[in-house]
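**Student:** dropping a prediction and its sequence here:
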Amino acid sequence: MSSFGDINRINTNILSLQSQLSLNKTNRSLGQSMLKMSTGLRINRAEDDAAGLSIANKTRSRIAGLQQALSNVGDSKSVLDIAESSFDTIMDQLVEMKALATQAANDTLGKTERQFIAKQIAALGNDINEIAAQTVFQDTNLLKGNAGGNTGQISLTFQVGERAQDTITARIDAVNVGMLFNGAGTGNAAGTTQLGATGGSITVTDLASLSGTEAGTLTFATDANGADFRAFISSVDTAIERMADRVNTVGISQRSLSIREVTLSSSISANSSAVSRIMDLDFAKEMSNMIRLQILQQTSTSALAQANIGPQSVLGFLR
């Protein structure tokens, strides 16, 4: 604010300096408003809102982690879907195997016909082993376990959150003829499990005797009779129950991943909304502010022009 007599001094135009200061402040505010309008952001520099920018950056880092975790969940479900698809195919082989065993158990068939059926069942067993060997994701064999492909299970830890502890562990039991039929019979011999009614009629290679990438083999003696195949039906039922348990285990893990997928999507939405409230510009509000500043700019410019010609009034003293 100018004092009495300031207008009577010409070396220092106080009114002009004050008008310039007001105009500079208005221009600066107008420039900031135009920057906000051009970027769509309420905070463009730390000085705009240091605390808000810090909070927004931290939340944005969390959103990035959540988005990647959501992508991880999709990849994890793909892994389990591959395992489930192979489980379904193997289950189909076992179901066909039971139908053939039931057919061979009927005494209306002769020795030759049973041998034909036995070869079909043995081929189905080999197919099961091949399916397990070919179920691979990113160089990881999903159905051969961890102990030489013969025993145990594979354990997969999925990162399903942005924190280190946000994980889900899925376990997939090894699948092959040896795993499905071992111990399903009534008697044992060296290196084999007996699956028929009489010793040596129908056998499966014991896991303990396997090495390398072997996965067990079903063997049928040429003299296997109806009673042997009737006993074998029970072994097939046991194998089907074991496969059903594996399918159930994978299904539980898939369900957990689906729940986490929904949770992550909700978290991403909520955190994105929080960042938006901090960072994004309210265009209607800022437009009103810009119009106000433009009016102030015009009035300040006019006031400055008037202040600059104010000292000319002293010329009246010289007349």
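**Tutor:** Structure's in. What do you need?

**Student:** Lys285: neighbour count?
**Tutor:** By other C-beta atoms under 10 Å, 10 other residues sit near Lys285. C-beta coordinates here come from the backbone N, C-alpha and C atoms, glycine included.

**Student:** what strand or helix carries it?
**Tutor:** helix 283-309 (DSSP states H and E).

**Student:** any buried residues in that helix, and which?
**Tutor:** Glu286, Asn289, Met290, Leu293, Leu296, Gln297, Ser300, Ala303, Leu304, Ala307 (16 or more other C-beta atoms under 10 Å).

**Student:** check stretch 254-274 too.
**Tutor:** Those would be Gln254, Ser256, Leu257, Arg260, Glu261, Thr263, Leu264, Ser267, Ile268, Asn271, Ala274, for stretch 254-274 by 16+ other C-beta under 10 Å.

**Student:** residue contacts, the third one?
**Tutor:** Contacts here follow C-beta atoms under 8 Å, 6 or more residues apart in numbering; on that basis Leu257 touches Val73, Ser76, Lys77, Leu80, Phe158, Val160, Ile168.

**Student:** ok, back up a step: export the buried residues of helix 283-309 to a markdown table and append columns for pLDDT and distance to Asn129.
**Tutor:** Listed next are these as a markdown table, based on pLDDT from 0 to 100; distance: C-beta to C-beta, whole Å:
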| residue | pLDDT | distance to Asn129 |
| --- | --- | --- |
| Glu286 | 84 | 69 |
| Asn289 | 85 | 74 |
| Met290 | 87 | 74 |
| Leu293 | 86 | 78 |
| Leu296 | 86 | 83 |
| Gln297 | 86 | 83 |
| Ser300 | 84 | 87 |
| Ala303 | 81 | 93 |
| Leu304 | 80 | 92 |
| Ala307 | 76 | 96 |
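
**Student:** out of those, flag the one nearest to Gly152.
**Tutor:** Glu286 (63.3 Å; C-beta to C-beta).

**Student:** nearest spatial neighbour of the closest one, skipping sequence neighbours?
**Tutor:** Ranked by C-beta to C-beta, 6 or more residues apart in numbering and with sequence neighbours excluded, the top spatial neighbour of Glu286 is Lys36, at 5.6 Å.

**Student:** one step back: out of the contacts of Leu257, who's the most crowded?
**Tutor:** Val73 (25 neighbours).

**Student:** domain ranges for the chain, per the record?
**Tutor:** 58-275, 282-319 (automatic domain parsing).

**Student:** to Ser19, which of those lies closest?
**Tutor:** Closest to Ser19 of these, according to C-beta to C-beta: domain 282-319, at 4.0 Å.

**Student:** show the average pLDDT along the host helix or strand of Ile240.
**Tutor:** Assigned by DSSP H and E, Ile240 belongs to helix 226-279. For helix 226-279, the mean per-residue pLDDT is 93.

**Student:** same check, this time on stretch 92-102
**Tutor:** Taken as a whole, stretch 92-102 carries a mean pLDDT of 95.

**Student:** backbone phi and psi for Asp166, please?
**Tutor:** Reported as degrees, to the nearest 10, the phi and psi values for Asp166 are phi -80, psi 80.

**Student:** how many residues are close by it?
**Tutor:** 17.

**Student:** before we move on, back to that, just how off-centre is the helix holding Lys285 within its chain?
**Tutor:** Remark: helix 283-309 is offset 53 Å from the chain centroid, using C-alpha atoms, centre = their mean, to the nearest Å.

**Student:** cool, stretch 142-162 as well?
**Tutor:** Centroid separation between stretch 142-162 and its chain, computed with C-alpha atoms, centre = their mean, is 18 Å.

**Student:** now that stretch - C-alpha only, CSV.
**Tutor:** This file holds the C-alpha atoms of stretch 142-162, laid out as CSV (Å, rounded to 0.1, in the frame of the first residue of the first chain):
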residue,chain,number,x,y,z
LEU,A,142,4.4,-80.6,-14.0
LEU,A,143,3.5,-84.2,-13.6
LYS,A,144,6.8,-86.0,-13.0
GLY,A,145,7.5,-84.9,-9.4
ASN,A,146,10.9,-83.9,-8.1
ALA,A,147,12.6,-87.3,-7.5
GLY,A,148,13.8,-88.4,-10.8
GLY,A,149,10.3,-88.2,-12.2
ASN,A,150,9.1,-91.2,-10.2
THR,A,151,7.9,-90.1,-6.8
GLY,A,152,6.7,-87.1,-4.8
GLN,A,153,5.2,-83.9,-6.1
ILE,A,154,6.2,-80.6,-7.6
SER,A,155,5.6,-77.5,-5.5
LEU,A,156,5.0,-74.2,-7.2
THR,A,157,5.0,-70.9,-5.3
PHE,A,158,2.9,-68.1,-7.0
GLN,A,159,3.5,-64.4,-6.2
VAL,A,160,0.0,-63.1,-6.0
GLY,A,161,0.4,-59.8,-4.3
GLU,A,162,2.7,-56.8,-4.0
